[in-house]
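# The sequence isn't on hand, but the structure is:
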DNA sequence: GTAACGGATGAATCAAGAG
DNA sequence: TCTCTTGATTCATCCGTTA
């Protein structure tokens, strides 16, 4: 289901089916309230936003516009889908309030810190050097996708935080017509990469109802996701269509979420049945201080491997797979290693060493 | 008018006069719902603690609480006063929306990026590593105080942006009772220093209606401002009172806004009257390409010095004081240098070399 | 070729005070 | 409240041109 629509969002959205989309990115008009021209000190005009599509009569009008599309969006979202909306101080407090009123549940507000913002020419306030993104789900109980390990890896082995420093969209990345910017507010690819990698799975459907020059569908395609885009203005639509067609799918295990694919849970009794362990086999700790016999229910003296390993170490809980060993050819072998063999042969799951510690890379 | 009140904010605020305060900082108490009632949550307001916030009823109650104090605050604010409110994603979108609905005008939203945030142990979302501050004024036309040069100086010579990286309040700065932190959400002093230095003048009155352990009045005192603080809980009030009493006023020219005192505007006709320029004197550009005679109205061929200098450079506007020169002892002398002499001798204003260009430090 | 230089530009609620 | 005068004000980056 890859599709780009030319037309008004409010006419296209009703065509989309209930609960059909996994991830949505919305970059709505910001309702900038500027008057006149802003002149730089060198005496040239600043080319800001002065577009018909950003003009609203009042907060009420803007709110109604927002409520109208968000209601449609909520209908289209799958039960556990994620929605991201970007804005700045002019509009984000309207949007956040409406999202909460409509029952959406905020997971994070993310700050896009611009490393090279437009300066404040007149020295009248702090340089506006960030935009805000809201990541929300349909309701409090949604089991949303969050590829924690992938993002930690991308962040150099540390948990990714709520402030992302990314340059503004410029240079080769910026779509141009006749050498001038085609769209006044094209978003950087890195922003969409983060969003799509963090909160979707391969082949998920990604929707952008105000796609502009098509950053969202282009990056979705690159990362192996499906895409739906909607754009009203033909000049933007044509550029987006061409851009998405020329975008290549990039093959990268990271984009297939290998770091975040959960391994299948394994019952020791199944491993006994398949011959990976024997009934009454001895389980030992690394230093061979303790020896317990494995019973046919996969327990050690009636305890789970986890609970017993925790008790022996005076801890509240512990992962028994990393504590117990068995003897093979008279040598100690970790039961975790045997589980990896089981995963590979019996479930097809290929174990990848994953990053669990600070500064640890794959 | 330095005063700390022990009592409920909603009982104390009505005592304060209309248009009597220059700067307000609000760190509103967070509430959580238990058995249908909102109670103060002591600031520990993230994950787990806010389980009840999906009920719209609690939003409504929180909104009403917010509207109630903001209306009082607006009454107390001077015409050109500034108001700052801090919050996080659970409440800031309620507050921002209400501020706009009440006619407040947003100047900036500021991100306090915590350089040492509490990690997210569950790995279910991005680590929440920031809080949001809203800087608003009473209405769109307010002539607010913004000490641009002071903040630029504090930021190493470059204009300060909307993302501030500041550590969380810890160490000696943290108020403690019996070795344990006295208040759950004490704000760092640096945050209040920035706010007070940026948006108030010496001797301005700074109000904090939920002062907690008194960070706002303490920093206001340190920086040579007046303060009013309100706190309901006696244990916090007592700590705040002691803290403010022990705080010392720091003498620093920077805190007296010397960098942001505006020079008096000067009429060229006055400078002619006082003999700094002569009628019919030649005004030249730096390269002596152009020569114009100064008429008795302070014009050059009927144009202002600014307008003509802009036209000659094919610009929309320009500061003529930095363009024109006169001959003194057969040498070119900038008219800006002569203005500085005029300022010093005729108005008492001592010019301080201020930073006007990129990479230029004071 | 390569380094140095200079122009262009980006979601912007962008002036203040006297008369 | 409106008009007019005075005069204050930018940073990081990309890209094309010059040395």
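Good, I have the coordinates. These figures come from a predicted structure and were not determined experimentally.
# contacts, neighbours, all on C-alpha from now
Noted.
# Okay, and residue A:235 sits in which element?
helix A:234-246 (DSSP states H and E).
# DNA strand C contacts on the stretch 101-250 of chain A?
Listed as neighbours of DNA strand C in the stretch 101-250 of chain A under the rule C-alpha under 7 Å from any atom of the strand: A:116-124, A:127-128, A:168-170, A:180-181, A:184-187.
# Can I get the buried ones among those residues as something I can paste into ChimeraX?
If you want just the buried ones from those in ChimeraX, going by 16 or more other C-alpha atoms under 10 Å in any protein chain shown, the selection is:
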select /A:120,127,128,168,169,185,186,187
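# before we move on, back to that, residues in contact with the helix holding residue A:235?
For helix A:234-246, contacts defined as C-alpha atoms under 8 Å, 6 or more residues apart in numbering or on different chains pick out A:4, A:6, A:175, A:182-183, A:211-215, A:217-218, A:221, A:231.
# Restricted to strands, list the residues of the stretch 101-250 of chain A next to DNA strand C.
A:180-181 (DSSP state E).
# Contacting chain B as well, which ones from the residues of the stretch 101-250 of chain A next to DNA strand C?
Near chain B, judged by C-alpha under 8 Å from any C-alpha of the partner chain, the entries from these are A:119, A:123-124, A:127-128.
# Going along the chain, name the strands of the stretch 151-300 of chain A.
Along the stretch 151-300 of chain A, counting by DSSP state E, counting those that start in this stretch, strands occupy A:163-166, A:176-177, A:180-181, A:205-208, A:226-231, A:282-285, A:291-293.
# Out of the ones you listed, which gets nearest to residue B:79?
strand A:163-166 (34.7 Å; C-alpha to C-alpha).
# is DNA strand D contacted by the closest one?
No - with C-alpha under 7 Å from any atom of the strand as the measure, strand A:163-166 is seen stopping short of DNA strand D, the closest distance being 8.8 Å.
# Name the residues of chain A found near DNA strand D, please.
A:39-42, A:115-123, A:167, A:170-172.
# go with 10 Å
For chain A, the contact set with DNA strand D under C-alpha under 10 Å from any atom of the strand comprises A:38-44, A:46, A:114-124, A:127, A:166-174, A:179.
# what separates the closest residue in space to residue A:248 that isn't next to it in sequence from residue A:290, distance-wise?
Of all residues not flanking residue A:248 in the chain, residue A:222 sits nearest, at 5.7 Å (C-alpha to C-alpha, 6 or more residues apart in numbering or on different chains). Distance, residue A:222 to residue A:290, by C-alpha to C-alpha, to the nearest Å: 53 Å.
# So the two - more neighbours on which side?
residue A:222 (18 against 12; other C-alpha atoms under 10 Å in any protein chain shown).
# Can I take it that residue A:310 is in a strand?
No - read with DSSP: H, G, I helix; E, B strand; the rest coil, residue A:310 is helix and lies in no strand.
# ok now do it, which residues does it touch?
A:316-320.
# For residue A:84, which three-state class applies?
Once three-state DSSP is applied, residue A:84 turns out strand.
# That one contacts residue A:22, doesn't it?
No - applying C-alpha atoms under 8 Å, one finds residue A:84 not in contact with residue A:22, separated by 11.4 Å.
# Would you mind confirming that the residue nearest to residue A:248 makes contact with residue A:255?
No - using C-alpha under 8 Å as the test, residue A:222 is too far from residue A:255 to be in contact (9.1 Å).
# Can you name the residues bridging to the closest residue to chain B within the stretch 151-300 of chain A?
Nearest to chain B in the stretch 151-300 of chain A, going by C-alpha to the nearest C-alpha, is residue A:161, at a distance of 4.3 Å. Note on residue A:161: beta-bridge partners by DSSP bridges are residue B:127.
# do you know how far the residue in chain A sticking out farthest from the centre is from DNA strand D?
For chain A, the residue at maximal distance from the C-alpha centroid (C-alpha atoms, centre = their mean) is residue A:330, at 47.1 Å. Shown here: residue A:330 relative to DNA strand D, a distance of 60 Å by C-alpha to the nearest atom of the strand, to the nearest Å.
# tell me the pLDDT at that residue?
For residue A:330, the pLDDT comes out at 93.
# same question, residue A:357
39.
# hang on, residue A:5 in a helix?
No - Residue A:5 sits outside any helix when classified using three-state DSSP, being strand.
# so how many other residues sit close to the closest residue to it other than its chain neighbours?
Sequence neighbours aside, residue A:230 is the residue nearest to residue A:5 in space, at 4.7 Å (criterion: C-alpha to C-alpha, 6+ apart). For residue A:230, the count of nearby residues is 26 (other C-alpha under 10 Å).
# Assess the claim that residue A:230 and residue A:11 are in contact.
No - judged on C-alpha under 8 Å, residue A:230 makes no contact with residue A:11 at a distance of 10.0 Å.
# helices or strands up against the longest helix along chain A?
Using DSSP state H, we find that the single longest helix of chain A is helix A:59-76. Judged by 3 or more C-alpha pairs under 8 Å, 6 or more residues apart in numbering or on different chains; DSSP states H and E, helix A:59-76 is in contact with helix A:92-101.
# so the very next helix or strand once past the helix it packs on versus strand B:105-114, what angle?
Going down the chain from helix A:92-101, the next helix or strand is strand A:105-114, by DSSP H and E. In terms of direction (axes from the mean of the first three to the mean of the last three C-alpha atoms, to 10 degrees), strand A:105-114 departs from strand B:105-114 by 90 degrees.
# Next, see if strand A:105-114 gets close to chain B.
Yes - using C-alpha under 8 Å from any C-alpha, we find that strand A:105-114 touches chain B at A:105-109, A:111, A:113.
# now do stretch A:134-144
Yes - if you take C-alpha under 8 Å from any C-alpha as the test, stretch A:134-144 does meet chain B, through residue A:140.
# So which bits of that stretch are buried?
Per 16+ other C-alpha under 10 Å, stretch A:134-144 contains these buried residues: A:134-140, A:142, A:144.
# got a pLDDT number for residue A:242?
For residue A:242, pLDDT reads 98.
# what's the neighbour count on it?
Residue A:242, neighbours per other C-alpha under 10 Å, totals 13.
# Next, find the distance separating it from DNA strand C.
Taking C-alpha to the nearest atom of the strand, one finds residue A:242 at 20 Å from DNA strand C.
# Check the gap between the residue nearest to residue A:248 and residue A:85 for me.
21 Å.
# Could you do residue A:145 as well?
Taking C-alpha to C-alpha, one finds residue A:145 at 17 Å from residue A:85.
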